[in-house]
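Chemist: kindly generate the corresponding structure for this input.
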Amino acid sequence: MYVFFKKLVSYFRTIEIYQTNNNFKSKISKKYKFKTYNKLSNIKSLEILNYFKEYKNKKKRFKNNCLFLTLSVNNKLVSSGWLFKGKSWIITEINKYLNVSNKIIIFDFITLEQYRNKGYYTKLLKLIRKKFNNKNILIYVLSSNLKSKRAIKKAGFIFQKKLRAFD
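Modeler: Numbering: from 1, shown residues only. The predicted structure is shown next:
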């Protein structure tokens, strides 16, 4: 029943795809610590490991060409997301595959509740752009998610197109 409902809902959703322009120059304070992890065993922070206790199913992403991205301030995890590099990506919100050769997809960002509305998501996106400056980075968001869209645009991503399941 859940799978049917999920598939049905995907036909009524619209996502927006944003992309980087490769000219990113920004100074970001050293108080922000940006880290990437390609294996769960590389994570030493108990706070970050607690993320994987809460979201157990996300551990398998490491085996699927994904990196875990974190932003910490004063040694406290404030925001995180994922990066995928490969040939094909499924946008589960609309159940649609994309050809993403020569592109990086960033997705599934979470800012801890107590740190929301303070610009940390935008900072994390800027740090990702800085680290992967010469790469073509895509990010997508539900059209209805106004706060995320605003942060994505503030981080310098440029709107590319809207997609629906039936397009």
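
Chemist: got any ranges where the chain has weak pLDDT?
Modeler: Applying pLDDT under 70 to the chain flags residues 1-3, 5-11, 22-28.

Chemist: buried sites along stretch 30-50?
Modeler: 32, 34-35, 37, 40, 43, 48 (16 or more other Cβ atoms under 10 Å). C-beta coordinates here come from the backbone N, C-alpha and C atoms, glycine included.

Chemist: export that stretch to CSV, keeping only CA atoms.
Modeler: The C-alpha coordinates for stretch 30-50 follow below in CSV (Å, rounded to 0.1, in the frame of the first residue of the first chain):
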residue,chain,number,x,y,z
LYS,A,30,37.1,29.6,9.2
LYS,A,31,34.7,29.0,12.1
TYR,A,32,32.8,26.8,9.6
LYS,A,33,34.2,23.2,9.3
PHE,A,34,33.2,21.4,6.1
LYS,A,35,34.0,17.7,5.9
THR,A,36,33.3,15.0,3.4
TYR,A,37,33.1,11.3,4.2
ASN,A,38,33.3,8.4,1.8
LYS,A,39,33.0,5.6,4.4
LEU,A,40,31.2,5.3,7.6
SER,A,41,34.3,4.0,9.3
ASN,A,42,36.0,7.4,8.6
ILE,A,43,33.5,9.1,10.9
LYS,A,44,34.9,9.6,14.4
SER,A,45,32.4,12.2,15.7
LEU,A,46,29.7,10.7,18.0
GLU,A,47,27.4,13.5,17.0
ILE,A,48,27.7,12.6,13.3
LEU,A,49,27.4,8.8,14.1
ASN,A,50,24.2,9.6,15.9
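
Chemist: and the contacts of it?
Modeler: 52, 59, 62, 67-77, 80, 83, 123-124, 127-128, 131 (Cβ atoms under 8 Å, 6 or more residues apart in numbering).

Chemist: and with 10 Å instead?
Modeler: Residues outside stretch 30-50 that contact it (Cβ atoms under 10 Å, 6 or more residues apart in numbering) are 28, 51-53, 58-63, 65-80, 83, 112, 120, 123-124, 126-128, 130-132.

Chemist: contacting residues for residue 127?
Modeler: Contacts of residue 127 by Cβ under 10 Å, 6+ apart are 26, 28, 32-36, 69-71, 79, 155.

Chemist: isn't there a helix covering residue 122?
Modeler: Yes - according to DSSP: H, G, I helix; E, B strand; the rest coil, residue 122 belongs to a helix.

Chemist: what's the closest non-adjacent residue to the spatially most central residue of the chain?
Modeler: Central residue of the chain (Cα atoms, centre = their mean): residue 107, 2.6 Å from the mean position. In space, residue 107 comes closest to residue 82 once its chain neighbours are excluded; the distance is 5.4 Å by Cβ to Cβ, 6 or more residues apart in numbering.
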